[in-house]
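**Student:** Any chance you can model this:
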Amino acid sequence: MDLHFGDSKPTDDERAAVDALLGPPESSWEGADRSDADLRWARGGREARDRRDLLLPGLHAINDRIGWISEGALDYLCRRLTVPPAEAYGVATFYAMFSVKPRPATVLHVCTDLACAAAGASELCAGIEARLGLGSGVSVERSPCLGLCERAPAALAIKAGDPVRTAVSAPATVHDAVLAASAPDSAPQEPPAMMAVPQAGDPSLTLLGRVGVVDPSSLDDYRAHGGYSALRRAFKLGPAGVIREVSDSGLVGRGGAAFPTGRKWQATASQPDHPHYVVCNADESEPGTFKDRVIMEGDPYALVEAMTVAAYATGAHKGYLYLRGEYPRALHRMEHALAQARARGLLGDDVLGQGYAFDIEIRRGAGAYICGEETALFNSIEGYRGEPRSKPPFPVEKGLFGKPTVENNVETLVNVLPILTMGAPAYAAIGTERSTGPKLFCVSGSVVRPGIYELPFGATLGELLELAGVRDGLRAVLLGGAAGGFVRPDELDIPLTFEGTREAGTTLGSGVVMAFDDTVPLPRLLLRIAEFFRDESCGQCVPCRVGTVRQEEALHRIAERTGAAAADDIALLREVGRAMRDASICGLGQTAWNAVESAIDRLGAYE
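**Tutor:** Numbers count the residues shown, from 1 in each chain. Okay, the predicted model is just below:
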């Protein structure tokens, strides 16, 4: 097969970045500087193609070292993996954090999404650009949600090199953001994870009880506070017993779909095809969502233990943690936790001396909201564009690498630990009959105490906002993030359950609760949501690819018109919204119209 390589050559730094990941090349076919005699035939082509899943880590390696991905670097990586450069180019250009055009080694990502927009992100960007000026050696890029909504507005500086250096500024000022970009090592340290948990230290907490209490770097401290008791009970129950406990608990997925977790695990475990895989979806990119980040930063060993339990129950021996690229501290904490678990026999060939082998590999995302969809995530890990697959077949039959796969998000997995330690009946007694257990809510916007709150299912929206201290002049509350819906200030008695929000004509989603007071211009907020979906659409299916563009265009026109002209565009929005909802391949297109529709119908946004 002719892979059509170009004539560009990698620099020494680019070659070193790839070789650090893949090892030195063994032949000229792979790019070694040797005689061309061994180019007459391919060597190790099959083995190289089996490493296609290292394409994304390879792109990260180049981007981290250089700051962008040149043609020569891309060609060299493709030679090493026997990947057609055209395909690799399609992957590299799919992700917002990569660039295939020259740019400065330092990139400052400034969040302009919902919470940050309400907190003055536009003024922050303008101030940073004015302070830095031209020729500063810093590229300022307006970014979708960075998952730092409780500290809005937020900025993330990434300085390429060996090693890559990062710094977070949140809440960001012009001075602090410029300092983070110019001198990441001198920037102020981030506050501890417990600062994002207003309830930290409350002994009644189930999922967040260790955040702020346990040293997140200490495995001994984690075990002293009940760590690994759930895994020990899992080994006593056996795989079938674990699945029975999870099923009896009533646990459903916390990412928004609310699919019964026990049923998913049972379906995966019963598949005769092997190997099985466990994938943890830590790519929470929904604007307003940051709960998984707080867990990974404040209680990382809990996720390691929970993934091990899930793997044991479903017959998997390999797990992948797909972690969004905008979470440098969570990445550091999880890498340390995995290393300590391996060193202490809690991962590896003989977990806890039980003769069971399991290990976890981290794969970093690179800025693509669509990769939160499970099959798009699988494609991303495998080294392809993160585009959703058609279903069926479902992941429990053919998931990652075409094998049975169980995929859960961070919050879903850590719920398994209290199920095993307290027992399914006690867990099911928390919450309501149809929505059992505790739930994490990400509260941000016009509140006094933004952060992660843990409440049992069934608490009302008003009770949650009372805990967070909602400010005067409440205009609207957005439930479920950009893919969710708005509710009015007189609807705060909505019970926070999957069935309660559904009956109220809205959605709980992943637990996003964003409050907006009357100082926030609602039309501008809706336009930002439309811009977000247009940018994040993978473009695979026509309803979403075209519909998100038409939605944004119509909202721009409405902002400039009144009367009959605006009414025509609202009618067009409804038609486009129905088409996206009915015909899009995945949830992105199916929910892209939700927030706009609710703002028009419930809030009278354009009256």
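**Student:** Extract the residue ranges of the chain that are flagged as low pLDDT.
**Tutor:** Applying pLDDT under 70 to the chain picks out residues 1-3, 34-49, 562-565.
**Student:** Next, find the distance separating the residue most central in space within it from Gly367.
**Tutor:** Nearest to the geometric centre of the chain sits Asp283, at 1.6 Å (CA atoms, centre = their mean). With distances taken as CB to CB, to the nearest Å, Asp283 is found 10 Å from Gly367. For every residue, glycine as well, the C-beta is placed using N, CA and C.
**Student:** anything in contact with each of these two?
**Tutor:** Counting by CB atoms under 8 Å, 6 or more residues apart in numbering, the shared contacts of Asp283 and Gly367 are Arg324.
**Student:** Packing partners of the helix or strand in which Ala571 is found?
**Tutor:** Using DSSP states H and E, Ala571 maps to helix 563-583. Where contact means 3 or more CB pairs under 8 Å, 6 or more residues apart in numbering; DSSP states H and E, helix 563-583 is packed against helix 542-560, helix 587-591, helix 594-602.
**Student:** Kindly recompute the last result at 6 Å.
**Tutor:** Packing contacts for helix 563-583, counted by 3 or more CB pairs under 6 Å, 6 or more residues apart in numbering; DSSP states H and E, involve helix 542-560.
**Student:** Break down the protein into its strands, ranges please.
**Tutor:** Taking DSSP state E to define them, one finds strands in the chain at 106-111, 138-143, 155-159, 165-169, 276-282, 316-323, 359-364, 405-409, 438-445, 451-456, 474-479, 485-487, 512-517.
**Student:** and those strands as CSV, adding distance to Val576 and mean neighbour count?
**Tutor:** Below are these laid out as CSV (distance: least, CB to CB, whole Å; neighbours: other CB atoms under 10 Å):
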stretch, distance to Val576, mean neighbour count
strand 106-111, 27, 25
strand 138-143, 25, 19
strand 155-159, 33, 27
strand 165-169, 37, 23
strand 276-282, 29, 26
strand 316-323, 31, 22
strand 359-364, 34, 18
strand 405-409, 30, 27
strand 438-445, 27, 26
strand 451-456, 35, 22
strand 474-479, 21, 24
strand 485-487, 17, 25
strand 512-517, 24, 25
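**Student:** Stretch 65-84: how far from the chain's middle?
**Tutor:** Centre-to-centre, stretch 65-84 and its host chain are 25 Å apart (CA atoms, centre = their mean, to the nearest Å).
**Student:** same question, stretch 194-209
**Tutor:** Using CA atoms, centre = their mean, the offset of stretch 194-209 from its chain centre is 22 Å.
**Student:** Contacts for that stretch next, please.
**Tutor:** For stretch 194-209, contacts defined as CB atoms under 6 Å, 6 or more residues apart in numbering pick out 150, 211-212, 294, 414, 418, 438, 449, 451-452, 454.
**Student:** And the furthest pair within those?
**Tutor:** Pro418 and Arg449 (24.9 Å; CB to CB).
**Student:** Pick out whichever of these two has more residues nearby.
**Tutor:** Between Pro418 and Arg449, Pro418 has the larger neighbour count (other CB atoms under 10 Å), namely 21 against 13.
**Student:** What distance do you get for that one to Ala88?
**Tutor:** Pro418 is 43 Å from Ala88, by CB to CB.
**Student:** Give me the number of neighbouring residues for Asp582.
**Tutor:** 10.
**Student:** From what I see, Gly399 and Val406 are in contact.
**Tutor:** No. Between Gly399 and Val406 there is no contact under CB atoms under 6 Å: 7.9 Å.
**Student:** Tell me where the stretch 251-400 of the chain has helices.
**Tutor:** 261-269, 291-298, 300-314, 328-343, 374-382 (DSSP state H, counting those that start in this stretch).
**Student:** which one of those helices lies closest to Asp7?
**Tutor:** helix 374-382 (29.1 Å).
**Student:** Buried residues, that closest one. List them.
**Tutor:** 374-381 (16 or more other CB atoms under 10 Å).
**Student:** try stretch 348-367
**Tutor:** 351-352, 356, 358-360, 362-367.
**Student:** What lies in contact with it?
**Tutor:** Contacts of stretch 348-367 (CB under 6 Å, 6+ apart): 60, 95-98, 235, 283, 307-308, 311, 317, 319-325, 338, 342, 347, 371, 381.
**Student:** redo that, cut-off 7 Å
**Tutor:** Here stretch 348-367 makes contact (CB atoms under 7 Å, 6 or more residues apart in numbering) with 56, 60, 95-98, 231-232, 235, 283, 304, 307-308, 311-312, 317-326, 331, 334-335, 338, 342, 345-347, 371, 380-381.
**Student:** buried subset of the residues you listed?
**Tutor:** Looks like the contacts of stretch 348-367 have 56, 60, 95-98, 231, 235, 283, 304, 307-308, 311-312, 317-326, 331, 334, 338, 346-347, 371, 380-381 buried, using 16+ other CB under 10 Å.
**Student:** how close does Val168 get to Ala117?
**Tutor:** From Val168 to Ala117 the distance is 18 Å (CB to CB).
**Student:** Repeat that for Gly511.
**Tutor:** Taken as CB to CB, the span from Gly511 to Ala117 is 20 Å.
**Student:** Show me which of those two is the more surrounded one.
**Tutor:** Gly511 (27 against 19).
**Student:** which ones are touching the residue lying closest to the more buried one once chain neighbours are set aside?
**Tutor:** Excluding the flanking residues, the one nearest Gly511 by CB to CB, 6 or more residues apart in numbering is Phe441, at 4.6 Å. Residues in contact with Phe441 (CB under 7 Å, 6+ apart) are 453, 455, 464, 511, 513.
**Student:** Would you mind listing the residues in contact with the last one?
**Tutor:** In this structure, Val513 makes contact with 441-443, 464, 477, 479, judged by CB under 7 Å, 6+ apart.
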